[in-house]
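> What follows is a predicted structure for the sequence shown.
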2 protein chains.
Amino acid sequence: MSASVIIAERNGVRNMSFHRQFLRDDNHTVARLVPRHLRTITNEALGDGDEVKIGIVNAPDPTVLLAAAMSFDEYLDELTVAAALHQKVHNKPLKLVRLPNGVHVPADAEYAMWGRITAELDDEGPYVDITGTVDDVRQEPVIAIDGMYHRENPIFHALIPGEAEHKSLMGLPRAPTIKEAVSEVCECLDVHLTHGGCGWLSAIVKIKVQQENDAVKAIHAALDGHRSMKMVTVVDEDIDIEDPVRVEWAMATRWQPDKDTVILSNQKGSSLDPSRAKDGTTSKVGFDATIPLSYEREGFISVQ
Amino acid sequence: MSASVIIAERNGVRNMSFHRQFLRDDNHTVARLVPRHLRTITNEALGDGDEVKIGIVNAPDPTVLLAAAMSFDEYLDELTVAAALHQKVHNKPLKLVRLPNGVHVPADAEYAMWGRITAELDDEGPYVDITGTVDDVRQEPVIAIDGMYHRENPIFHALIPGEAEHKSLMGLPRAPTIKEAVSEVCECLDVHLTHGGCGWLSAIVKIKVQQENDAVKAIHAALDGHRSMKMVTVVDEDIDIEDPVRVEWAMATRWQPDKDTVILSNQKGSSLDPSRAKDGTTSKVGFDATIPLSYEREGFISVQ
């Protein structure tokens, strides 16, 4: 069920997001709600003695999948973003339908279910996540599914955990948020979330160094631009950031471990990293693998 | 000329090694002599007002090339090592011939030259080295070539700087010296000098962790086992050390930057790293990307 999109509406606020949904029985799933918008909405509802009315959509238009994968700092309605994307890509509006419980969902998906996030908790997992490791089994909210529409001969969209689609949908919207954050402190040319970092935990940031400390500022900005990130390497404009061999080459020839490393302890990071501390904190690192400003650039340029 | 092997004999000591030989004119080269055995022999000879008698061999049997690429701490005659390798590989002795200046060289090479390392210094370079960057031009000893034998229709063995053959001949003998050093402090399973580190500056060391601190001990031992190395990453037995993506994955999921990093300042390293300090020193780094001993191993194992 984890390739399905959950759409919640409460008190005039709408949120659309992906969540791991562990199938408990015929009409219940257990969903991991990390501390983002749907968790906040859920906590508020439960505090008021309410449940959260939701729609669950499987295999909608890809613009909906992409918009649902984004996380915004503000309460921004991802369904509105999907509609804008849909208009841009398909040159026509995204059609919505109203489910029996009042929640609006995109029309023309393969499945549309209606239900509730309840106050009950249950085991969520075991699950393999993007790291390819088995995640902790946690107590998470139970979702009751009360009914379902589907197409004739519907096709269910499943997703293999930890493989390309999972990493892409998670990581793809992060490159722009990192780029935006770094661009506020220096000239950011490109960002790549690495395969080794599972498209999530590690990024390479390409900048044009113009001032002393541009790279160090870029490191801090990049980590702010994607709070789950653990490792970031900053390189110059001549490095192919999608090639881990060239990135390591930049470290081998441009990076001095004792001067060009930023290490931050006791950080809030990703719960997906098995090496995090028992209290959930992690340390983070930034490598400045750009050419030192005080050196002649010539000696650092690859002639190959 | 840098694919040629220099064989020096003085006061009963013989040394065989590779050196960059910059062609100055028809019968002179300028050779970079880093502070190893041939440099010591040369300094001693010049101190005595002598020159060093040498043979220069081009395109000998590959066992000679391999032996010449090795650097031993003690004065060990690499030509004897070549002879042993030759016997093992070809099941017959390595034949030698005596050049007019008295130096013995392997027979059956394409070219065998005789000459002298003189007291004169000249520009050595410009040169591209294994990093693919242009190295400093230094003042180095001039070699005078006094005569030459060659085969009929000889084939000259040249080598493209910074490409596979160069990196292999330099780096290949280092994996065993690193493995030997690490094996003295813990169970070392394998060593790989990385492409990103140009087969020289960076290695991945695979160990079987049995005790607290095995990985940290392995880091120090590995750096001792290859003094030119700048970066070493220690991983568990389940990591493919030839795949930079899996090595980065191990760092992303098993390494805590603040606890699992060894940084050493003011080290003697490789002159090939353009980021070294003006005085030639460098800092070095070791990453312990093994599973923390106090954690359950299960959560770190890839199911993919």
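In hand now; what should we look at? Treat the numbers as computed from the prediction; the structure is a model and nothing was measured. Numbers count the residues shown, from 1 in each chain, chains lettered A, B, ... in the order given.
> can we go C-alpha only for contacts and neighbour counts from here?
OK.
> Just the strands from the stretch 51-200 of chain A, written as ranges.
A:52-58, A:96-98, A:104-106, A:111-124, A:138-150, A:187-193 (DSSP state E, counting those that start in this stretch).
> TSV for those strands, including distance to residue B:123, mean neighbour count and mean pLDDT?
Putting these into TSV (distance: least, CA to CA, whole Å; neighbours: other CA atoms under 10 Å in any protein chain shown; pLDDT from 0 to 100) gives the following:
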stretch	distance to residue B:123	mean neighbour count	mean pLDDT
strand A:52-58	70	25	98
strand A:96-98	76	13	96
strand A:104-106	73	22	97
strand A:111-124	69	20	97
strand A:138-150	68	18	97
strand A:187-193	39	21	98
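> From the centroid of chain A, which residue is nearest?
The residue lying closest to the centre of chain A (CA atoms, centre = their mean) is residue A:170, at 3.9 Å.
> How about the contacts made by that one?
The contact partners of residue A:170, taken as CA atoms under 8 Å, 6 or more residues apart in numbering or on different chains, are A:69-70, A:199-200.
> again, 7 Å this time
Residues near residue A:170 by CA atoms under 7 Å, 6 or more residues apart in numbering or on different chains: residue A:69.
> what's the distance between it and chain B?
16 Å (CA to the nearest CA, to the nearest Å).
> How confident was the prediction at that residue?
At residue A:170, the predicted lDDT confidence score is 81.
> and if you look at residue A:137?
In this model, residue A:137 is scored at 92, pLDDT.
> Kindly tell me how buried it is, as a neighbour count.
Applying other CA atoms under 10 Å in any protein chain shown, we find 13 residues neighbouring residue A:137.
> how many degrees apart are the helix-or-strand element of chain A with minimal mean pLDDT and strand A:187-193 in direction?
Across the helices and strands of chain A, mean confidence by mean pLDDT, DSSP states H and E is lowest for helix A:164-171: a mean of 82. Helix A:164-171 and strand A:187-193 are oriented at 140 degrees to each other (axes from the mean of the first three to the mean of the last three CA atoms, to 10 degrees).
> quick one: buried residues of helix A:164-171?
Using 16 or more other CA atoms under 10 Å in any protein chain shown as the test for burial, helix A:164-171 gives A:166-171.
> and what of stretch A:71-88?
A:71, A:77-86.
> Can you tell me which residues in the stretch 151-300 of chain A are near chain B?
A:195-197, A:201, A:244-246, A:248-249, A:252-258, A:263, A:265, A:273-275, A:283-285, A:299-300 (CA under 7 Å from any CA of the partner chain).
> same thing but 6 Å
A:196-197, A:245-246, A:248-249, A:252-254, A:256-257, A:273-275, A:283, A:285, A:299-300 (CA under 6 Å from any CA of the partner chain).
> Buried among these? Need that as a selection in ChimeraX.
The ChimeraX selection below is limited to those of these classed as buried (16+ other CA under 10 Å):
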select /A:196,197,245,246,248,249,252,253,254,256,257,273,274,275,283,285,299,300
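> for the stretch 1-150 of chain A, what spans make up the helices?
If DSSP state H, counting those that start in this stretch is used as the criterion, the helices of the stretch 1-150 of chain A fall at A:37-47, A:62-68, A:78-90.
> And the longest one, what does it pack against?
Pointing back at helix A:78-90 there. helix A:62-68 (3 or more CA pairs under 6 Å, 6 or more residues apart in numbering or on different chains; DSSP states H and E).
> model confidence over the helix it packs on, on average?
Mean predicted lDDT for helix A:62-68 stands at 94.
> For that helix, C-alpha coordinates in PDB please.
Extracted in PDB, the C-alpha atoms of helix A:62-68 (Å, rounded to 0.1, in the frame of the first residue of the first chain):
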ATOM      1  CA  PRO A  62       2.200  10.700 -12.000                       C
ATOM      2  CA  THR A  63       1.900  14.500 -11.400                       C
ATOM      3  CA  VAL A  64      -0.100  13.500  -8.300                       C
ATOM      4  CA  LEU A  65       2.600  11.100  -7.200                       C
ATOM      5  CA  LEU A  66       5.300  13.700  -7.600                       C
ATOM      6  CA  ALA A  67       3.400  16.400  -5.700                       C
ATOM      7  CA  ALA A  68       2.600  14.000  -2.900                       C
END
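> any idea how chain A splits into domains?
A:5-159, A:173-300 (automatic domain parsing).
> Take the strands of the stretch 51-200 of chain A and lay them out in CSV including distance to residue A:240.
Formatted as CSV, the strands of the stretch 51-200 of chain A follow (distance: least, CA to CA, whole Å):
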stretch, distance to residue A:240
strand A:52-58, 37
strand A:96-98, 42
strand A:104-106, 39
strand A:111-124, 40
strand A:138-150, 40
strand A:187-193, 10
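> picking that back up, quick one, which of the domains of chain A is packed in tightest?
domain A:173-300 (a mean of 21; mean count of other CA atoms under 10 Å in any protein chain shown).
> what does the model give residue A:2 for pLDDT?
pLDDT at residue A:2 comes out at 86.
> measure the residue lying closest to residue A:67 once chain neighbours are set aside to residue A:258 for me?
Take residue A:67 and drop its neighbours on the chain: the residue closest to it by CA to CA, 6 or more residues apart in numbering or on different chains is residue A:82, 5.1 Å away. Separation of residue A:82 from residue A:258 (CA to CA, to the nearest Å): 46 Å.
> before we move on, what about residue A:107?
Relative to residue A:258, and taking CA to CA, residue A:107 is found at 56 Å.
> before we move on, back to that, might you report the residue contacts of the residue nearest to residue A:67?
A:63-64, A:67 (CA atoms under 6 Å, 6 or more residues apart in numbering or on different chains).
> ok, those vs residue B:180, which is closest?
residue A:67 (53.6 Å; CA to CA).
> Tell me who's in contact with the closest one.
Contacts of residue A:67 (CA under 6 Å, 6+ apart): A:78, A:81-82.
> Can you add pLDDT and give these back as JSON lines?
As requested, the contacts of residue A:67 are exported to JSON lines (pLDDT from 0 to 100):
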{"residue": "A:78", "pLDDT": "93"}
{"residue": "A:81", "pLDDT": "95"}
{"residue": "A:82", "pLDDT": "96"}
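> now, which of the residues you listed sits nearest residue B:210?
Nearest to residue B:210 among the contacts of residue A:67, with distances taken as CA to CA, is residue A:78, at 49.6 Å.
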